[in-house]
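**Q** Build me a structure from this.
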Amino acid sequence: MDAILRNKDHLELLLRGAMGLCALTTFATSTVVTGIASGDFAFLLSYTQLLYSGFYVVFVLRQKKISLELRTRGAIDGGFGLLLFVAAIWLIASRAFTYCTVSSCAGAYACTVFLFVGAFIQGASVYLVYTQLYRRHSIDDATSIESPAVLQ
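**A** This is a model prediction of the structure:
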């Protein structure tokens, strides 16, 4: 497990796989609350997140056909994390839980929980990108030594 956590690519693959499974679960459980605006938003967002996770694993991590800049990855992951958090809050505040039966409440609760879990995973992905940016800048700063007193 330590080897997985030390290698950036393995950790990113683990996060994307977890996000894909979370998005799949959210997608399946959000069908219970479709028909209201917050349920439709959760449905479309989870579908988009599922596609993004799949395409990211295939084209960026495995085949390396697409190379995304770290700031772009951070912006996309941060945007998805924020949208997932907003969708979870909107679903909690909606009337989805007032009109539910025994079978549909479980799906609505599961959808809400996995929206929050997805937002947490996206936050972890943003943190991973942030640490990569910080380490890259600190390494670049440490290797560039300027000594104006010696040059004069």
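**Q** Roughly how far does Phe41 sit from Gln49?
**A** 12 Å (C-beta to C-beta, to the nearest Å). Placement of C-beta: from N, CA and C, glycine included.
**Q** centroid residue for the protein?
**A** Taking C-alpha atoms, centre = their mean, the centroid of the chain lies closest to Gln122, which sits 2.7 Å from it.
**Q** What sits closest to that one if chain neighbours are left out?
**A** Gly81 (3.2 Å; C-beta to C-beta, 6 or more residues apart in numbering).
**Q** before we move on, the earlier item: neighbour-wise, which of Phe41 and Gln49 wins?
**A** Neighbour count, other C-beta atoms under 10 Å: between Phe41 and Gln49, Gln49 has more, with 25 against 19.
**Q** follow-up on the earlier one: for the residue nearest to Gln122, give its distance to Ala18.
**A** Taken as C-beta to C-beta, the span from Gly81 to Ala18 is 13 Å.
**Q** Compare these two (neighbour count), which wins?
**A** Legend: neighbour count by other C-beta under 10 Å for Gly81 and Ala18, higher for Gly81 (20 against 17).
**Q** show me the contacts for that one.
**A** 118-119, 122-123, 125-126 (C-beta atoms under 8 Å, 6 or more residues apart in numbering).
**Q** go on, Leu50?
**A** With C-beta under 8 Å, 6+ apart, Leu50 has these contacts: 20, 23-24, 27.
**Q** one step back: so which of the contacts of Gly81 wins on neighbours?
**A** Neighbour-wise, these (other C-beta under 10 Å) top out at Gly118, 28 neighbours.
**Q** Wait, it touches Gly20, no?
**A** No - using C-beta atoms under 8 Å, Gly118 makes no contact with Gly20, being 10.0 Å away.
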